[in-house]
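Colleague: Structure here, sequence nowhere to be found:
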(Lines give C-alpha, C1' and ligand atoms only; values in the text may rest on other atoms or scores of the structure.)
Protein backbone atom coordinates (compact mmCIF):
# COMPACT_ATOMS: atom_id res chain seq x y z
CA UNK A 1 0.00 0.00 0.00
CA UNK A 2 1.46 3.36 -0.96
CA UNK A 3 1.16 6.49 1.10
CA UNK A 4 1.13 10.00 -0.24
CA UNK A 5 2.95 12.74 1.61
CA UNK A 6 1.11 16.03 1.75
CA UNK A 7 3.19 19.15 2.09
CA UNK A 8 2.36 22.77 2.61
CA UNK A 9 5.10 23.88 0.22
CA UNK A 10 3.41 25.33 -2.90
CA UNK A 11 6.29 24.24 -5.14
CA UNK A 12 5.90 20.54 -4.43
CA UNK A 13 3.45 17.89 -5.53
CA UNK A 14 1.60 15.76 -3.00
CA UNK A 15 4.42 13.26 -3.47
CA UNK A 16 6.83 15.77 -1.95
CA UNK A 17 8.72 16.26 -5.20
CA UNK A 18 9.25 19.84 -6.39
CA UNK A 19 7.53 20.95 -9.58
CA UNK A 20 10.13 22.44 -11.90
CA UNK A 21 9.50 25.13 -14.48
CA UNK A 22 10.51 22.52 -17.05
CA UNK A 23 7.67 20.26 -15.94
CA UNK A 24 5.19 23.14 -16.10
CA UNK A 25 6.45 23.95 -19.60
CA UNK A 26 5.98 20.33 -20.71
CA UNK A 27 2.39 20.25 -19.40
CA UNK A 28 1.56 23.54 -21.12
CA UNK A 29 3.08 22.21 -24.34
CA UNK A 30 0.92 19.08 -24.19
CA UNK A 31 -2.21 21.20 -23.74
CA UNK A 32 -1.20 23.36 -26.73
CA UNK A 33 -0.55 20.28 -28.87
CA UNK A 34 -4.00 18.90 -28.04
CA UNK A 35 -5.64 22.24 -28.85
CA UNK A 36 -3.86 22.30 -32.21
CA UNK A 37 -4.87 18.68 -32.92
CA UNK A 38 -8.55 19.37 -32.31
CA UNK A 39 -8.49 22.66 -34.22
CA UNK A 40 -9.07 24.98 -31.27
CA UNK A 41 -5.79 26.85 -31.77
CA UNK A 42 -4.30 28.43 -34.85
CA UNK A 43 -0.81 29.84 -35.42
CA UNK A 44 -2.20 33.38 -35.45
CA UNK A 45 -3.15 33.27 -31.76
CA UNK A 46 -0.52 30.80 -30.54
CA UNK A 47 1.62 33.29 -28.59
CA UNK A 48 -1.21 34.75 -26.54
CA UNK A 49 -2.82 31.37 -25.90
CA UNK A 50 0.45 29.72 -24.88
CA UNK A 51 1.15 32.42 -22.30
CA UNK A 52 -2.36 32.07 -20.87
CA UNK A 53 -2.11 28.28 -20.63
CA UNK A 54 1.40 28.37 -19.13
CA UNK A 55 0.27 30.91 -16.54
CA UNK A 56 -2.80 28.85 -15.68
CA UNK A 57 -0.80 25.65 -15.25
CA UNK A 58 1.83 27.43 -13.15
CA UNK A 59 -0.81 29.04 -10.96
CA UNK A 60 -2.59 25.70 -10.47
CA UNK A 61 0.61 23.93 -9.48
CA UNK A 62 2.01 26.65 -7.29
CA UNK A 63 -1.17 27.60 -5.42
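Modeller: That came through, no problem. Note that the structure is predicted; figures quoted are calculated from it, not measured.

Colleague: okay, which residue is most central for the chain?
Modeller: Centroid-nearest residue in the chain, with C-alpha atoms, centre = their mean: residue 57, separated by 3.6 Å.

Colleague: Touching, it and residue 28? I think so.
Modeller: Yes - the pair residue 57 / residue 28 is scored as a contact, 5.0 Å apart, by C-beta atoms under 8 Å. C-beta here means a position set from N, CA and C on the backbone, and glycine is covered the same way.

Colleague: out of everything not next to it in sequence, what's closest to residue 32?
Modeller: Spatial nearest neighbour of residue 32, excluding adjacent residues (C-beta to C-beta, 6 or more residues apart in numbering): residue 50 at 5.8 Å.

Colleague: Which helix or which strand is home to that neighbour?
Modeller: Using DSSP states H and E, residue 50 sits within helix 46-62.

Colleague: Only the buried residues of that helix, if you could.
Modeller: Of the residues in helix 46-62, 49-50, 53-54, 57-58, 61 count as buried by neighbour count, 16 or more other C-beta atoms under 10 Å.

Colleague: and of those, the nearest to residue 35?
Modeller: residue 49 (7.2 Å; C-beta to C-beta).

Colleague: which residue sits closest to residue 27 in space, ignoring its chain neighbours?
Modeller: Residue 27 sits nearest to residue 57 (C-beta to C-beta, 6+ apart), 5.1 Å away.

Colleague: Show me what the helix holding residue 50 is packed up against.
Modeller: Applying 3 or more C-beta pairs under 8 Å, 6 or more residues apart in numbering; DSSP states H and E, one finds that helix 46-62 contacts helix 21-37.

Colleague: and residue 57, what is it in contact with?
Modeller: Residue 57 makes contacts with 24, 27-28, 31, as judged by C-beta atoms under 8 Å, 6 or more residues apart in numbering.

Colleague: Need those in CSV (columns: distance to residue 38).
Modeller: As requested, the contacts of residue 57 are arranged in CSV below (distance: C-beta to C-beta, whole Å):
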residue, distance to residue 38
24, 22
27, 17
28, 16
31, 11
